[in-house]
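A.B. asks: Just to be clear, the model below is a prediction. Sequence and coordinates:
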Amino acid sequence: MSWPFRDQPQRRLLDESLRTKSMLWIMGIMLFLTTLAAAAGLGMASASRALDRQLAGRLTIQLVEADAARRDAAVRGIMASVRRLPQVRRVAEVDRARLAELLQPWLGDAGLDAELPMPAMIDVDLASGDEADVAAVKRAAQTVAATARVDRHAQWLSPVASFLAIMTWFAAALVVLMALATTAVVLLAARAGLDMHRDTIAVLHMLGSTDRQVARLFQRRIAFDTLMGGLLGTCAALAAIWLLGRQAGALGSELLSGVALARSDWLMLAAIPAVFASMAMVAARSGVLRALGRTL
Amino acid sequence: MANIVQFENVGLRYGTGAETLSDISFTLSAGSFYFLTGASGAGKTSLLKLLYLAQRPTRGIVRLFGEDAGALPRKRLPGFRRRIGVVFQDFRLLPHLSAHDNIALPLRVAGMPEDEIEGPVREMLAWVNLRDRAHAKPPTLSGGEQQRIAIARAVITRPEVLVADEPTGNVDPEMAERLLHLFESLNRLGTTVVVATHDFQLINRIPDARMMRIERGRLSDPTGALRHPPGRAGSGDAASSNGPV
Ligand SMILES: Nc1ncnc2c1ncn2[C@@H]1O[C@H](COP(=O)(O)OP(=O)(O)OP(=O)(O)O)[C@@H](O)[C@H]1O
Ligand SMILES: [Mg+2]
């Protein structure tokens, strides 16, 4: 295939002086907004994936046992048997001193008393968040102490996770709306172009041009304008996102750092102008063909 | 000789007015030379439009290359139109393209490779004596020059049928003769030529030509007896046997 925008005479049949820059600007703005929305969506998606990854494999085993000696023995037993499971990456008892510290506002110094019937807690990190793995840990723990309770961390943070999911869908919907608006703009531009070049098209038809040949003249122009405007808009948006990302990084927040875009996300964003240009080309083509089909 | 064009009781009406053309029936045989005359407004351009598929008849049948042109699906029109060269009365050059590119247009439309286009275009420019104006845009050319470009564009593909609507209206007699000569050579190569004109001098230059006359939308000489303008009618020959029927 030859370079599509080379200056070939058979591609310059429409009057170039009638060409306006407005398409370029409109497309620039549309794709600026589209890229921002897409970036937000990808960011939310990656944050919610990061959250899932962090939480999915994290369990807490709780053991309530009034007798301190029995409790400590059970904790050691559970830890030993859970640690033997191949899916388990890390097992650690939550430091009782730290637990007491957390409870101090309610219990006062009494929390430090080893005799106090405080539940023991064991953090377990799994390689994955599979239901089967969780069940295995549960079985191992309950074989040692039937009263042991196993909880997933995920369920405590599920409101955050669902918020992120909603935001992701919201951004995706915005991108779809922008794509629809872009298509509408392209169809309008194609119709205006047909009007503007009516005489030229009539002559081309009389000389035996097919509708496809005529459509090609338009789709090429519109795709070119979309691509150029899109590159402009998308580059501006990517620069803005990068700056925002740096600002967010400086805040040092763990949640915000999850929003960071991966390399594949950047590539996807950079592909937006090409995707939209192809879409514009298809829309222009079908719009022109449909309009021409109604003439003799 | 085969009939390349056949009109059967053709009528044409623009909008809701009276018929511009009525009961037009004739046959053009392949490889012949025809003149179409008639007063201004008689319907010459309208008849030619039916012939070059710019217009569909409101009644009757227009048969082109053996097929009913009125029934052609849209996607087959380009193929038919490429077999017909047209010199429009109003030229219809593309004002933003140079004389050279206007002449090259039918070849480009037909998908001829760029390196094969240059030769024929040069040849045509030479024929119509406009080599030095090759890069001029039509609006900067005189009426006669534009007309010659229009003619060059119509004949460059060596069409099977050449339709010329007043092709010599804007040129001096010498150039008119030269252009007519061009049509004749094309005709000798097998092209069926139809020229609409008021210019009887021109008609007289081609003794073998057949003549059609249109009066207020009707073909007034279906037998072809009026092969020559009034005053020279006696010198007619075989026209009546195979002229327009
Ligand atoms: N597009 C149109 N819409 C309505 N009426 C038309 C149209 N084109 C032509 N006419 C009418 O049809 C009649 C025949 O016109 P046409 O152009 O065929 O005449 P002509 O013989 O070519 O005349 P001329 O010698 O002046 O070129 C005229 O009365 C004209 O007004
Ligand atoms: Mg006319």
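C.D. replies: Thanks, I have it. Ligands and ions are numbered 1, 2, ... in the order given.
A.B. asks: Can you get me the centre-to-centre distance for the helix or strand encompassing B:A104 and its chain?
C.D. replies: Assigned by DSSP states H and E, B:A104 falls within helix B:99-109. With Cα atoms, centre = their mean, to the nearest Å as the basis, helix B:99-109 stands 18 Å off its chain's centre.
A.B. asks: ok, and what's touching that helix?
C.D. replies: A:9-10, A:13, A:203-204, A:207-209, A:213, B:82, B:85, B:93-94, B:97, B:116-117, B:120-121, B:124-125, B:130, B:133-138, B:141, B:145, B:149, B:152-153, B:156-157 (Cβ atoms under 8 Å, 6 or more residues apart in numbering or on different chains). Bear in mind the C-beta positions are built from the backbone N, C-alpha and C, glycine included.
A.B. asks: again with stretch A:37-47
C.D. replies: With Cβ under 8 Å, 6+ apart as the criterion, stretch A:37-47 contacts A:164-165, A:167-168, A:170-172, A:174-175, A:178, A:237-238, A:241, A:255, A:258-262, A:265, A:268-269, A:272.
A.B. asks: try 6 Å this time
C.D. replies: A:164, A:167-168, A:171-172, A:174-175, A:241, A:258-259, A:261, A:265, A:269 (Cβ atoms under 6 Å, 6 or more residues apart in numbering or on different chains).
A.B. asks: same check, this time on stretch A:271-287
C.D. replies: Residues contacting stretch A:271-287 (Cβ under 6 Å, 6+ apart): A:35, A:182-183, A:186-187, A:190, A:215, A:218-219, A:222-223, A:226-227, A:230-231, A:234.
A.B. asks: 7 Å - rerun?
C.D. replies: The contact list for stretch A:271-287 (Cβ atoms under 7 Å, 6 or more residues apart in numbering or on different chains) reads A:31, A:34-35, A:38, A:179, A:182-183, A:186-187, A:190-191, A:215, A:218-219, A:222-223, A:226-227, A:230-231, A:234.
A.B. asks: Which of the residues you listed fall within helices?
C.D. replies: A:31, A:34-35, A:38, A:179, A:182-183, A:186-187, A:190-191, A:215, A:218-219, A:222-223, A:226-227, A:230-231, A:234 (DSSP state H).
A.B. asks: Any buried residues in whatever helix or strand comes next after the helix holding B:A104, and which?
C.D. replies: Note on helix B:99-109: by DSSP H and E, the next helix or strand toward the C-terminus is helix B:114-127. Using 16 or more other Cβ atoms under 10 Å in any protein chain shown as the burial criterion, the residues of helix B:114-127 that qualify are B:I117, B:P120, B:V121, B:M124, B:L125, B:W127.
A.B. asks: biggest separation within those residues, which pair?
C.D. replies: Farthest apart among the buried residues of helix B:114-127 by Cβ to Cβ are B:I117 and B:W127. That separation is 15.7 Å.
A.B. asks: in the stretch 1-150 of chain A, which spans are strands?
C.D. replies: A:58-63, A:88-93, A:120-126, A:149-152 (DSSP state E, counting those that start in this stretch).
A.B. asks: and if you look at chain B?
C.D. replies: Ranges of strands in chain B, per DSSP state E, are B:3-13, B:19-29, B:33-37, B:59-64, B:67-68, B:84-87, B:161-165, B:192-196, B:210-215, B:218-219.
A.B. asks: Residues of chain B that sit close to ligand 2?
C.D. replies: Counting by Cβ under 5 Å from the ion, the residues of chain B close to ligand 2 are B:K44, B:T45, B:Q89.
A.B. asks: quick one: which of those is most hemmed in?
C.D. replies: For the residues of chain B next to ligand 2, the largest neighbour count, defined by other Cβ atoms under 10 Å in any protein chain shown, is 23 neighbours, found at B:K44.
A.B. asks: Mean confidence (pLDDT) on the helix holding B:A104, please.
C.D. replies: The predicted model assigns helix B:99-109 a mean pLDDT of 96.
A.B. asks: Likewise for stretch B:33-47?
C.D. replies: Mean predicted confidence for stretch B:33-47 is 93.
A.B. asks: Kindly check the end-to-end length of it for me.
C.D. replies: 16 Å (Cα to Cα, to the nearest Å).
A.B. asks: Could you pull out the buried residues of it?
C.D. replies: In stretch B:33-47, counting by 16+ other Cβ under 10 Å, buried: B:F33, B:Y34, B:F35, B:L36, B:T37, B:G38, B:A42, B:G43, B:K44, B:T45, B:S46, B:L47.
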